[in-house]
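K.L.:
would you be able to build a 3D model of this:
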Amino acid sequence: MRSQFAASTCCGQASCNAYPYVLVLFNSLDLHVISCGDLISQIYMYDTQIYCRLNVVPTATISSAQPFPGIAMLTRRVASRSVALRSLRSSSLTPNWLATLQHPCSAVRGFAAPSSANAGGGVPGDFVCHLKDVGVTIPGGKKLFERVSLGFLRGAKIGVLGANGSGKSTLLKVVAGVSKDFDGERWVKDGLKVGYLPQEPQLDPSKNVYENIMDGLKESQTLLAKFDEVSMAMGEPDADFDALLEEQAKLQDQIEHLGCWDLSHEVEKAMAALRVPAADADVEVLSGGERRRVALCRLLLEKPDMLLLDEPTNHLDAESVHWLEDFLQKYRGTVLSITHDRYFLDNVAGWVLELDRGETYAYEGNYTEWLTQRRNRFNMQRKSDAIRAKQIASEIAWSRDHQGSKKANKARLKKLQEMESSGFRASSRVEEGQIVVPSGVRLGNKVIKVNNLRKQLDDGRVLFDKLSFEIPPHAIVGIVGGNGMGKSTLFNIIAGVEEPDEGNVELGKTVSLGFVSQSRDELSGRRSVYEEISGDNEFVEIGGDRINTRAYIASFNLRGGMQEKKVGSLSGGERNRVHLAKMLLGGHNVVMLDEPTNDLDVDTLRSLEAALTDFDGVSMVISHDRWFLDRICSHIIAFEGDGRVKFFDGNYTEYEREKKQ
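P.N.:
I've put the predicted structure just below:
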């Protein structure tokens with residue numbers, strides 16, 4: 001069905017120099033221009049909104065029955081609806097983007113900054129970076145993505161999501177200008193400063209922590225030194241006061257733009273907030289997480305015009321993530337961040353860019369809004385996405401009413417206890433996109449009891465003292481706290497890997513512990529995924545059922561040809577999934593997971609949450625993922641610092657709320 005719309009002007013005043021509106025009608029297959037007084041020469045898509053530049057009188061009339069050439073396929077990326085197209089002023093566009101119209105399914109999506117400028121529906125700001133028809137092919141001929149066309153506006157905050165191995169880090173490298181191995185075009189605004197945080201940042205080994213951070217602040221230091229020099233020169237008897245005053249004013253503007261008047265204080269504050277190691281520490285002895293915190297601190301203080309962050313929240317505790325969120329919310333530049341921290345995305349992102357099976361999808365809104373829009377897209381796709389759509393619907397329901405999560409988690413415990421008493425065992429069916437945590441023998445009433453534990457480090461620091469708690473059957477316990485506070489040490493003591501200085505741990509007679517450590521060093525990079533997990537066994541036992549090993553591996557989103565890949569060639573998130581699948585294979589009734597959420601994509605996180613919720617044993621999980629902790633945890637063990645550890649009955653947000661009271 002088609003509707004007729006009349007063209008109108010933006011305000012009807014002769015003095016207005018904006019071009020007319022154009023109204024179009026979408027259906028499921030094509031885009032029809034209903035009424036158009038000017039030729040469409042530029043087109044920018046914001047999910048379900050399209051903005052056009054209209055500037056040239058056409059040589060032929062465009063009717064409602066005649067789709068404009070080259071753009072008939074655009075609506076494969078949008079919902080069926082009618083939308084208004086508002087014109088852009090010519091000053092905000094570059095002429096070389098006319099060629100975009102020649103490529104179906106490659107609309108230029110523009111990511112806008114939230115501001116008063118676009119509150120009324122207009123297109124704000126200037127583009128700082130364009131990608132046009134960008135494609136990347138990896139060895140073996142597989143295309144990660146192709147014909148990706150994106151426009152990034154000044155001040156936009158964009159979260160990048162997608163499955164592990166979908167090309168998120170590769171896309172970020174293309175935007176950063178680090179990777180040149182791609183098809184298509186990349187354009188950045190003249191003079192634009194681009195800052196990039198890779199997953200494995202490089203530091204200068206000849207300099208300490210503080211010197212490495214200050215390396216990123218050379219521009220600020222130069223401006224401050226120049227300002228002092230000009231100020232001193234103004235006191236000279238023969239000074240050209242007018243010229244010096246003009247130069248001083250320019251320097252002052254630049255310094256204020258960078259916000260570096262109190263540089264030493266800003267450096268000190270950022271180092272403390274991000275838990276950066278001591279200023280004089282040798283960077284060569286730092287762990288991978290410590291090196292990332294140094295590099296992140298340096299980059300944030302540098303304040304580039306465009307900030308590209310690859311997993312910035314990894315290795316940050318909750319308080320550091322809170323600080324980073326606040327910093328980025330106030331940041332005036334463009335931010336493009338790969339992250340699977342869902343609270344972070346909810347609090348920072350105004351747009352979500354999703355990479356899915358070689359396609360890119362742009363959504364306006366934060367993570368929760370993306371869930372809804374993505375569900376709508378899944379509902380239009382084939383039935384094989386039914387599991388993901390169902391899990392997303394569950395998460396939407398939770399996110400809308402997570403105040404009742406404690407009640408829901410308690411209800412889950414009761415339900416599992418009732419199922420246990422009736423002889424029910426959690427389903428061991430292995431379905432596409434669904435992780436299964438294999439169960440062991442039936443768990444008794446006594447699980448884990450910790451009695452007056454004490455652990456002191458060689459440097460005299462006490463991690464915990466007189467620590468006592470008891471974990472009930474079917475609990476999901478989240479362990480939280482800053483880096484180096486003793487979370488992994490507690491796990492090692494419970495698992496019998498390490499001895500406490502005082503106290504003891506009692507395990508129930510039926511307890512079978514499965515311990516998945518943070519280290520993935522035991523994985524062999526030379527073996528295939530299938531060989532590493534299966535041990536060349538064609539079948540595995542899951543919950544008393546005999547399951548095909550390849551089906552079990554596929555439940556960790558390691559499907560098809562992925563199972564034949566060498567472990568050494570995998571991304572961090574893919575290696576994490578291999579590690580989880582291998583370590584959980586034995587079947588246990590108590591599983592202990594040390595940072596399992598690091599590097600996992602949101603679909604795998606959601607599947608892991610569902611698996612742990614369905615698991616009829618006890619789960620203990622060290623994680624900094626607040627969304628993960630809120631969705632599934634019935635209890636929290638919080639390492640609060642200075643040897644204080646609290647066992648809390650409730651999820652993470654409830655613990656935080658009580659802590660503030």
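K.L.:
can you give me the strands for the stretch 51-200 of the chain?
P.N.:
82-85, 108-111, 127-137, 143-153, 157-162, 183-188, 194-197 (DSSP state E, counting those that start in this stretch).
K.L.:
I'd like those as TSV, with distance to residue 225 appended.
P.N.:
Glycine gets a C-beta too; all of them are placed from N, C-alpha and C. Putting these into TSV (distance: least, CB to CB, whole Å) gives the following:
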stretch	distance to residue 225
strand 82-85	50
strand 108-111	36
strand 127-137	28
strand 143-153	33
strand 157-162	33
strand 183-188	28
strand 194-197	22
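K.L.:
which of these has the lowest average pLDDT?
P.N.:
The minimum mean pLDDT among the strands of the stretch 51-200 of the chain belongs to strand 82-85 (a mean of 30).
K.L.:
which one of the strands of the stretch 51-200 of the chain lies closest to residue 552?
P.N.:
Closest of the strands of the stretch 51-200 of the chain to residue 552 is strand 157-162, at 24.1 Å (criterion: CB to CB).
K.L.:
would JSON lines of the strands of the stretch 51-200 of the chain with mean neighbour count be doable?
P.N.:
Output for those, formatted as JSON lines (neighbours: other CB atoms under 10 Å):
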{"stretch": "strand 82-85", "mean neighbour count": "16"}
{"stretch": "strand 108-111", "mean neighbour count": "25"}
{"stretch": "strand 127-137", "mean neighbour count": "20"}
{"stretch": "strand 143-153", "mean neighbour count": "22"}
{"stretch": "strand 157-162", "mean neighbour count": "25"}
{"stretch": "strand 183-188", "mean neighbour count": "15"}
{"stretch": "strand 194-197", "mean neighbour count": "20"}
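K.L.:
quick one: which of the ones you listed is nearest residue 660?
P.N.:
Closest of the strands of the stretch 51-200 of the chain to residue 660 is strand 157-162, at 26.6 Å (criterion: CB to CB).
K.L.:
between that closest one and strand 143-153, how many degrees?
P.N.:
Here strand 157-162 runs at 170 degrees with respect to strand 143-153, directions being taken by axes from the mean of the first three to the mean of the last three CA atoms, to 10 degrees.
K.L.:
give me the residues contacting strand 157-162.
P.N.:
With CB atoms under 8 Å, 6 or more residues apart in numbering as the test, strand 157-162 has contacts from 111, 113-114, 152, 168, 171-172, 328-329, 331, 334-340, 344-345, 348-356, 366-367, 370, 601-602.
K.L.:
out of the residues you listed, which sit inside helices?
P.N.:
Within these, residues falling in helices by DSSP state H are 168, 171-172, 328-329, 344-345, 348, 367, 370, 602.
K.L.:
count the residues that sit near the closest residue in space to residue 339 that isn't next to it in sequence.
P.N.:
The spatial neighbour of residue 339 that comes closest, neighbours along the chain excluded (CB to CB, 6 or more residues apart in numbering), is residue 313 at 5.7 Å. The local packing of residue 313 (other CB atoms under 10 Å) involves 24 other residues.
K.L.:
residue 313 contacts residue 627, doesn't it?
P.N.:
No: Residue 313 is not in contact with residue 627 according to CB atoms under 8 Å; the separation is 11.2 Å.
K.L.:
quickly list what's touching both of those two.
P.N.:
Listed as contacting both residue 313 and residue 627 by CB under 8 Å, 6+ apart are residue 341.
K.L.:
so who does the nearest residue to residue 448 once chain neighbours are set aside touch?
P.N.:
Excluding the flanking residues, the one nearest residue 448 by CB to CB, 6+ apart is residue 471, at 4.5 Å. By CB under 8 Å, 6+ apart, the contact list for residue 471 reads 447-449, 477, 618, 620, 635.
K.L.:
and of the strands of the stretch 51-200 of the chain, who's closest to residue 562?
P.N.:
Across these, closest to residue 562 is strand 143-153 (CB to CB), at 14.0 Å.
K.L.:
what strands flank the closest one, and is each parallel or antiparallel?
P.N.:
When pairing is defined by DSSP bridges, strand 143-153 lines up against strand 108-111 (parallel), strand 127-137 (antiparallel).
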